[in-house]
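# Predicted model follows, preceded by the sequence.
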Amino acid sequence: MYDSIEEQNTTRYPELDKMTDNPLHLWEDHSKDSYMPVLGSGILSNEQFDIILLFIIFTLQLLNNCAIIANSLSIAVFVKLGFSEPSNISLTALAICDLISAVLLTWSNLCFLLTYHHVRLPFHSTNVYVLTGGAQWMFLSRTVAWITAFISFERCLCILVPLKVRRLMTPSGTFVVMLIIILFTFCPSFFIYIRYKFVWVFNPYLNITILNTIPVNSEFAIQFEKISLVICGVIQPLLAFSIVLICTMLLVVQLRKISSWRMSVTSAKSQRLQPEENPAASSSPAGVRISQKEKRLVKKVVAIATIFIVSYIPTCIMVVCNVLFDEFDQFGFYRRLFFLSAYITSLGQSISGSVNVLIYYKMASNFRSVFRRLVRLDRQEQKRNERK
C-alpha cells in the first residue's frame, strides 16, 4: 500500500514541471502574447497589474461578505413568510444560489491571496480551485441566470394571460421548475471531472509533492468538453440573458401602459364622468388591469432583472471571447487575461447578489415587516421612542 502511494506521489508530468511559486503566472513575461502588452510590459507593468488585481479581489471579497449576510437574511425571511406564494419559492432559490456563489468566490480569493503571499500549500491552488469551486461557480452563475429568466418570464405571463398562469404556476409547480433548472444548469459542472483529474505531482523546482490537475487527453474527453462548452458555456448564458432582456422590456412596456391607463382613469374621475362615459377605461386592455399587489411585484421583478442585465453583460462578453480565442481559458496561453476578466465578471454578479435584499426590503411590505422583526429593528425603534 505504502509503495503505491509513494509511487503515485513521485509521478512526473513534464508539462507541470515548470510551475513556479505563483500558479497564476502573473509575473511571467508574455512577450509572445499580442494581447498581453496592454496589461504587461506595455501600458501596465507586472507590479501595476498585480495592484489592480489585488484591488479587485479585496473589493470582490467585501461584496462577497455583504452577499453572504444579505442572502442569509433573505433566506431566513422567506422561510418565515412560507412558500404558499410561488414567487417566494423562486426568490428563495435565487438567494440560495447567490449565497453559494459568494462562498465559492471567497474560497477563490483565499486561494489567490495565500499564493500571492507565497504560502506553501500542499496543492496547486489555481488548478485545484478550478475543480473544487471555479467550475461550480461558473455553472451556478448559469443557474442564477435561468432562475432570473424564469421569474421574468412568469411575471410576463401573469400580465398577458393571468388566469391560465395562476392555474399552472402553483407552489409545487414552481418547486419542480426550480429543480429542473438546477439539473439543467448546475449539475453539468461535475462533468469537468471527465476532462480533468487530480494527480500528485513532484515538482523539482519547489522540491515538494503537491496535488495538481492534468487534462485527460482521450478523444472522448476532448469531444465531450467541446460539446459541453457550446451548450453550457455559450448557449445557456446567452439564451438566459436574452430571455431576461426581452421579458424585462415587455414588463416595462406593460408598466407604462398600466400607469397611463390609471392616469386617464384618475383624470376622468376628477371630471366626474361615469365609467361608461370614460373612453380610456372602456378601451383599456384587460392585460393591464392588475392589482396594486401585482404591480408592486412586477416592479420588483423589473428591478431584479435590470440589475441582473447590467451585471451579466461582462459574462456575455467573456463567453464571446472564450469562443473566439481557443487559448482564452484558465489553462490556456491567455490565462492572465482570463483570470482578470473572471474577477471583473465576479464583481458584477456579487453586486447583483448583494443588492437584491434591498429591493425586497424596499418593494415588499411583508418582507420588510418580517425582516425588521428578524433583525429586531422594531424593538430598537420602540426603545428610542420610549426614551424620547
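Thanks, I have it. Numbers count the residues shown, from 1 in each chain.
# Can you pull up the most central residue in the chain?
The residue lying closest to the centre of the chain (C-alpha atoms, centre = their mean) is residue 141, at 3.6 Å.
# give me the element it is part of.
helix 135-160 (DSSP states H and E).
# gap between that helix and the chain center?
10 Å (C-alpha atoms, centre = their mean, to the nearest Å).
# hang on, the earlier thing: right, and the residue nearest to the centre of the chain touches residue 315 too?
Yes: Residue 141 is within contact range of residue 315, at 6.6 Å (criterion: C-beta atoms under 8 Å). The C-beta positions use only the backbone N, C-alpha and C, and glycine is treated the same way.
# Now for these two: what residues contact both?
237, 349 (C-beta atoms under 8 Å, 6 or more residues apart in numbering).
# For stretch 239-249, buried residues please.
240-241, 243-245, 247-248 (16 or more other C-beta atoms under 10 Å).
# next one: stretch 311-324
Within stretch 311-324, the residues that count as buried by 16+ other C-beta under 10 Å are 311-312, 314-316, 318-319, 321-322.
# Can you flag which of those belong to helices?
Counted as lying in helices by DSSP state H, out of those, are 311-312, 314-316, 318-319, 321-322.
# so can I have CSV of those showing distance to residue 329?
As requested, these are exported to CSV (distance: C-beta to C-beta, whole Å):
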residue, distance to residue 329
311, 22
312, 20
314, 16
315, 15
316, 17
318, 10
319, 12
321, 10
322, 7
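# from the residues you listed, which single one is nearest residue 70?
Distances from residue 70 to these, taken as C-beta to C-beta, are shortest for residue 311 (14.6 Å).
# Kindly confirm whether my reading is correct that the closest one touches residue 344.
No: look at residue 311 against residue 344 with C-beta under 8 Å: they stay out of range, at 10.8 Å.
# wouldn't residue 302 be in contact with residue 253 here?
No: counting by C-beta under 8 Å, residue 302 does not reach residue 253; the two are 10.7 Å apart.
# Looking at these two, which has the bigger crowd around it?
The neighbour count for residue 302 versus residue 253, taken as other C-beta atoms under 10 Å, is higher for residue 302 (21 against 11).
# what sits against the more buried one?
With contact set as C-beta under 8 Å, 6+ apart, residue 302 has these partners: 248, 251-252, 255.
# low pLDDT regions in the stretch 251-388 of the chain?
258-294, 330-332, 377-388 (pLDDT under 70).
# just the helices in it please.
For the stretch 251-388 of the chain, applying DSSP state H, counting those that start in this stretch gives helices covering 279-283, 292-324, 335-363, 365-374, 377-387.
# next structured bit after the helix or strand harbouring residue 95?
Per DSSP H and E, residue 95 falls inside helix 86-116. Moving toward the C-terminus from helix 86-116, the next helix or strand (DSSP H and E) is helix 125-129.
# So what's the model's average confidence on that next one?
Average pLDDT, helix 125-129: 81.
# Pull the contacting residues for the closest residue in space to residue 368 that isn't next to it in sequence.
Using C-beta to C-beta, 6 or more residues apart in numbering and skipping residues adjacent in sequence, the residue nearest residue 368 is residue 361, 5.3 Å away. The contact partners of residue 361, by C-beta under 8 Å, 6+ apart, come to 367-368, 371.
# Kindly indicate which of those lies nearest residue 129.
Lowest distance from residue 129 to the contacts of residue 361 (C-beta to C-beta) belongs to residue 371, with 34.1 Å.
# what about that closest one, distance to residue 358?
11 Å (C-beta to C-beta, to the nearest Å).
# repeat for residue 147
In terms of C-beta to C-beta, residue 147 sits 19 Å off from residue 358.
# So the two - more neighbours on which side?
residue 147 (25 against 12).
# Would you agree the more buried one is in contact with residue 90?
Yes: Residue 147 is within contact range of residue 90, at 6.2 Å (criterion: C-beta under 8 Å).
# Need the residues touching each of the two.
residue 178.
# Having no further points to raise, I will conclude here.
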